[in-house]
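1. Turn this into a model:
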Amino acid sequence: MGRVTDLAAFTALFTPEGQDLLAAVRDYEPAKELAVASRLRRDHPAELVSAVLGQARLRQRAVAKFGAEDAYRMYFTPNGVEQSTRATVGSHRAARLTALGVRSVADLCSGIGGDALALARAGISVLAVDRDPLTAEAARANAAALGLADLIEVRCADVTEIDTSPYDAVFVDPARRGGRGRIFDPEAYSPPLSWAVEAARKAPHAALKIAPGIPHEAVPDEAEAEWISDGGDVKEAVLWFGTEPGARRATLLPGGASLTGGTLPDPRVRPVGRYLYEPDGAVIRAHLVAEVAEQLDGGLIDETIAYVTADELRPTPYAAAYEITDELPFNLKHLKALLREREIGTLTVKKRGSAVEPEEIRRRVKLKGPNAATVLLTRVAGAPTMLIGQPAGR
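-> Below you'll find the predicted structure:
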C-alpha cells in the first residue's frame, strides 16, 4: 500500500501545479523547510507539498552525481540517488560499449536510469528494466525529461524473465543494499552475482557493476575486471565479458587514464628515497601497484604497504607524488617539536598501515606559522614511521 501511495505522490509532480511548485522550490534551503512547507500548504495540498520538497532535496543531492543542468530536470527516489551511477562513470562505460560496436543494450536493474541515460546519449538504444513500479516510473520520467525517450524503453518487470537475445550487450547493476545497509557477499546481491554472470555469458558483450571490494578470486576467468575511480575516490568495479579475459584494469576519471596488467611480480622493498608515490585507489584495488612501481623505477617501503618510493620524480596519472624531507620513527613529541621549529601552520595528515588516526594527530599538535607540510603515518620495513614532506612539484 505504501508503494502505491508513493507512486501516486510521484505522479502528482507532473501536474501543472506540481511542475510550478518544483520550479518555485528549486534552490530552497533545506534548513528552512518547515517554514517553506507551512507557507506552501496555505495554497496547495499537503501531500503535494511534501512530495515536491522531497524531490527538491533529492535533486540537490543528485547534483554531485549528475551535474546541476541534469539533476534539476531529473526525478529521483531516495535509493535512486544513493545507488545510481555517476554521470562521468556512466559516460565512460557507454564509450567502452560504443567502441565495441554495441548499438543496443538490455539494462537490467536499471534503477532511476542513470546508466540508461549515458548509453542513450552515446547513441545506444536501451531496454531499461526494473521490478519496482516507482523506480521504473522515475526512469521513464528521466528519459523524457532529458529528451531521450526515443532511445530508452522502460519496462517494469523481473529481470530474470527478460529475453536478452535481441540485444548486442547486457548491463547488470544488482542491488547491493538491503534493509541493514550495504551487502558485501556477491551472492546476496539482488539478483545474485552468479545469475548476472550467467546472463553475461549469453550475450556477445556484457558489463556487470559490482562493489569495488570484490575478492579477486570471485572474478570469473573469462571476465576482465575494471576498477574505476572518479576524482581520486574508488566508485565501483565492473566485470566485462567479450573484451580481455583475465585482464585487470584501473581507470581514473575524469581524465580517463587506464592501466592494465596483473602479471608482474611484487615490487622489491627498498629504503625510502627522495620521493614517495601514493597510488590511486583504483590501482590498488586492481592489484596494479607493481605496474606503477615499474614505470617509476621504484620499490615498496614495506612489503605490505602500497606506497612506492623512488629517487627521481616522474609524472604519472596513477599516483600522487610527495617529496620527502624527513623519515622518523613514530613519536608524537618529536613530530610536535619539528612542526613548531619549521613554523608549520597547515598540516595534511595521511595514513596507510598505521593505527593512529589523522584526527588524533591534528588534535594533539599545536599548529602555528605560515608554512605547510604533509605527514604520512605508515610502516617502513615493518617499523611505525613518520614521513614528512610536501606534494612534489610545488
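2. contacts and neighbour counts: CA atoms only from here.
-> OK.
3. What about the residue nearest to residue 86 when sequence neighbours are not counted, how many residues nearby?
-> Here the nearest residue to residue 86 in space, its sequence neighbours aside, is residue 65; by C-alpha to C-alpha, 6 or more residues apart in numbering that works out to 4.6 Å. A count of nearby residues for residue 65, using other C-alpha atoms under 10 Å, gives 18.
4. contacting residues for residue 65?
-> For residue 65, the contacting residues are 85-88, by C-alpha atoms under 8 Å, 6 or more residues apart in numbering.
5. Relative to residue 108, how far out is it?
-> Going from residue 65 to residue 108 by C-alpha to C-alpha, to the nearest Å gives 20 Å.
6. what are the ranges of the strands in the stretch 201-350 of the chain?
-> Read by DSSP state E, counting those that start in this stretch, the stretch 201-350 of the chain holds these strands, from start to end of the chain: 205-210, 224-230, 233-241, 248-253, 257-261, 275-279, 299-300, 308-310, 319-329, 344-351.
7. Output stretch 209-221 as PDB, nothing but the C-alphas.
-> Only the C-alpha atoms of stretch 209-221 are listed here, as PDB (Å, rounded to 0.1, in the frame of the first residue of the first chain):
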ATOM      1  CA  LYS A 209      28.600  -3.500 -12.000                       C
ATOM      2  CA  ILE A 210      29.900  -4.800  -8.600                       C
ATOM      3  CA  ALA A 211      31.300  -3.400  -5.400                       C
ATOM      4  CA  PRO A 212      35.000  -2.400  -5.600                       C
ATOM      5  CA  GLY A 213      35.800  -4.700  -2.600                       C
ATOM      6  CA  ILE A 214      35.000  -7.900  -4.500                       C
ATOM      7  CA  PRO A 215      37.700 -10.500  -3.900                       C
ATOM      8  CA  HIS A 216      39.800 -11.200  -7.000                       C
ATOM      9  CA  GLU A 217      39.200 -14.900  -6.600                       C
ATOM     10  CA  ALA A 218      35.500 -14.200  -7.200                       C
ATOM     11  CA  VAL A 219      36.100 -12.800 -10.700                       C
ATOM     12  CA  PRO A 220      35.300 -15.300 -13.400                       C
ATOM     13  CA  ASP A 221      38.300 -16.400 -15.500                       C
END
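8. For burial, what's the neighbour tally of the closest residue to residue 57 other than its chain neighbours?
-> Setting aside the residues directly before and after it, residue 57 is nearest to residue 30 in space (C-alpha to C-alpha, 6+ apart), at 7.1 Å. By other C-alpha under 10 Å, 14 other residues sit near residue 30.
9. same check, this time on residue 6
-> Residue neighbour count, defined by other C-alpha under 10 Å, stands at 15 for residue 6.
10. Surely it and residue 133 touch.
-> No. Using C-alpha atoms under 8 Å as the test, residue 6 is too far from residue 133 to be in contact (9.9 Å).
11. Could you tell me whether residue 359 really is in a strand?
-> No. Residue state for residue 359 (DSSP: H, G, I helix; E, B strand; the rest coil) corresponds to helix; a strand is not indicated.
12. where's residue 111 relative to residue 266, distance?
-> Between residue 111 and residue 266 the distance is 40 Å, computed by C-alpha to C-alpha.
13. Strands of the stretch 1-150 of the chain, residue ranges please.
-> If you assign secondary structure with DSSP E, counting those that start in this stretch, the strands in the stretch 1-150 of the chain sit at 104-108, 125-130.
14. Turn the ones you listed into a markdown table, columns for mean neighbour count.
-> Conversion of these to a markdown table gives the following (neighbours: other C-alpha atoms under 10 Å):
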| stretch | mean neighbour count |
| --- | --- |
| strand 104-108 | 26 |
| strand 125-130 | 25 |
